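> Give me a 3D structure for the following:
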Amino acid sequence: MRHGTRLASVSAVALALLVTACGGDPKGPPPPPPGGLSAAKAAPTGDGQIGPVQAPLANPLRIVVLNDGIPESGVSVNWSGLGTAATFNPPSGTTDANGIASSTWTLPQEAGTATAQADVSGASGSPVVFTATGRPGAATGVALVSGSGQAGGVNLLADDPLVVLVTDQYGNGVSGVAVTWVVTQGFASVPTVTQSGTNGRAEAIVRYGALTGPVTVTATVAGLGSTPFNLIAGHLITVQNNEFVPSQLTISSLANAYVVWKWTPTARNHNVVPDLLAPTPSGNPTDGPHTYVFQFTARANYAFYCIVHGGPGGQGMSGLISVN
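A predicted model of the protein is given here:
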C-alpha cells in the first residue's frame with residue numbers, strides 16, 4: 001500500500017515538472033484578448049487643422065473600425081460637432097473594405113478651438129474626438145466698445161482708453177486691422193493709427209488739451225466706417241474725503257468755463273451743491289469713483305460745498321470758483 005502511494009506521488013511531481021518545463025500553467029492557458037468592435041483615428045487623421053470659420057477644412061477627418069483587430073466594413077458612423085452652423089459631408093456613412101470612414105468638416109462660425117466627433121455604436125474608443133482651429137474671416141465692421149462719455153482734467157490723460165472692436169461677418173474679432181484716430185471736435189491729442197489685437201480690439205489713449213469743453217474723437221477703419229467718442233475736458237477739482245482739491249479755482253474766460261469734479265475711489269458720501277444758483281447740484285451724496293461736470297455761463301464768484309460735510313459760507317468741505 002505504501003509502495004502504490006509512493007508511485008502516485010512521484011508521477012504527480014513528474015507531471016508538474018513537465019508542465020513547467022514546457023512553459024505551461026497548471027491552471028490552464030491565459031484567456032484570449034477581448035474581441036469586438038473598436039474605433040480610432042486613421043492616418044492621415046485630419047485632426048488639428050487650421051482653417052477659416054464657416055469653411056470646409058482642407059483634409060477630411062478619418063477613422064478606422066476594427067473587429068477583433070481586423071478592419072470591418074459596413075459599420076455605421078455618425079459625425080457631429082459643436083458650434084453654430086458646423087456641418088459634415090457626409091454627416092453619416094459606413095466603413096469601406098479597409099474599415100475606414102471619412103467626412104469633410106465645415107467649421108462653425110465661432111473662431112477658436114472647435115470640436116467634432118465620430119460615433120460608432122457599440123465600439124470601444126467611440127466617440128473618436130477631433131479638434132480644429134477656426135480663423136476669423138475678413139473684417140466687415142467696426143464698433144465702439146468703451147471709453148465714450150468720460151470727462152477729465154485739462155492737459156491730463158483720460159482715465160480710460162478709447163476702445164473699438166473690429167469684427168468679421170460672424171462677430172469674431174479680427175487682428176491686424178489699422179484704425180485711424182482723429183480729434184474732430186475740441187482740444188485733445190490721440191495716436192494717429194493703432195492696430196487691432198488678437199481679440200479684434202484697438203485702443204487709443206487721449207490726452208486732453210489746454211482748453212475746456214466737449215471733445216470728439218473719431219475712430220475709422222478704411223472701407224468699414226467710423227465711430228465717434230464723446231468726452232469733456234474741464235478744470236479738475238478732486239473730491240476727497242472732507243475736502244475739495246483745489247478748494248479755490250480761477251477761470252480766466254467764459255469760453256473756457258467747464259469744471260469737472262472727480263470723486264476718488266475711496267471718497268464716501270459727498271456731493272456738490274451751490275451757495276446760491278450755480279453750480280447746479282450734483283445730486284444725492286454718493287461714493288467714488290464718480291464724476292460731475294458743469295459749465296459756467298456768467299462771470300461771477302461761485303461758492304459750493306458738500307451737503308453732508310460742509311455748509312454755506314465756506315463751512316467745512318467747501319470751495320470757491322471765480323469766473324472772470
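> ok, T198 to V177 distance?
12 Å (Cβ to Cβ, to the nearest Å). For glycine as for every other residue, the C-beta is placed from the backbone atoms N, C-alpha and C.
> Those two: which has the busier surroundings?
V177 (21 against 10; other Cβ atoms under 10 Å).
> residue contacts, that one?
For V177, the contact set (Cβ atoms under 8 Å, 6 or more residues apart in numbering) comprises 139, 166, 195-196, 200, 202, 221.
> what's the answer for A111, then?
53, 134-136, 168, 170, 172-173.
> Quick check: the gap between the spatially closest residue to it that is not a sequence neighbour and L224.
Residue nearest to A111 in three dimensions, not counting chain neighbours: N172, with 4.0 Å by Cβ to Cβ, 6 or more residues apart in numbering. Applying Cβ to Cβ, the value for N172 to L224 is 15 Å.
> One more: T113?
Taking Cβ to Cβ, one finds T113 at 27 Å from L224.
> what bits of this structure have low per-residue confidence?
Within the chain, the set of residues satisfying pLDDT under 70 comprises 1-35.
> what helices or strands is the top strand by length along it leaning on?
Looking across the chain with DSSP state E, the single longest strand is strand 225-240. Judged by 3 or more Cβ pairs under 8 Å, 6 or more residues apart in numbering; DSSP states H and E, strand 225-240 is in contact with strand 141-146, strand 151-153, strand 213-221, strand 243-245, strand 248-251, strand 258-263, strand 290-295.
> Any idea how far that strand is from the middle of the chain?
The chain centroid and the centroid of strand 225-240 are separated by 27 Å under Cα atoms, centre = their mean, to the nearest Å.
> Direction included, what does that strand pair up with?
strand 151-153 (parallel), strand 213-221 (antiparallel), strand 243-245 (antiparallel), strand 258-263 (parallel) (DSSP bridges).
> now for the helices and strands packed on strand 225-240, which one comes closest to S80?
strand 141-146 (30.7 Å; Cβ to Cβ).
> what pairs with the closest one, and is each one parallel or antiparallel?
Applying DSSP bridges, strand 141-146 is found paired with strand 162-167 (antiparallel).
> which residues sit against the partner strand?
136, 139-148, 173-174, 177, 179, 181, 190, 196, 200-206, 217, 219, 221, 224, 227, 229.
> Quick check: which of the strands paired with strand 225-240 is nearest to G46?
Between the strands paired with strand 225-240, strand 213-221 lies closest to G46; by Cβ to Cβ that is 35.5 Å.
> So which bits of the closest one are buried?
Neighbour-count burial for strand 213-221 flags 213, 215, 217-221 (criterion: 16 or more other Cβ atoms under 10 Å).
> Max pairwise distance over those: which two?
The farthest-apart pair in these, when distances are taken by Cβ to Cβ, is G213 and V221, at 27.4 Å.
> picking that back up, settle it for me: which of T113 and L224 has more neighbours?
L224 (16 against 11).
> Quick check: closest non-adjacent residue to the more buried one.
L224's closest residue in space is V142 (Cβ to Cβ, 6+ apart), at 5.0 Å.
> unless I'm mixing things up, the one you found is touching G223, no?
No. At 9.9 Å, V142 does not count as touching G223 under the criterion of Cβ atoms under 8 Å.
> burial measure for A143, as a count.
15.
> Quick check: chain neighbours aside, which residue is closest to it?
L165 (5.3 Å).
> Show me the beta-bridge partners of the nearest residue in space to P246 that is not next to it in sequence.
Closest residue to P246 apart from its sequence neighbours, by Cβ to Cβ, 6+ apart: I237 at 6.6 Å. For I237, the beta-bridge partners are W261 (DSSP bridges).
> before we move on, back to that, from P228, how far out is the residue nearest to L224?
As judged by Cβ to Cβ, V142 and P228 stand 12 Å apart.
> tell me, what's touching these two both at once?
Jointly contacting V142 and P228 under the rule Cβ under 8 Å, 6+ apart are A219.
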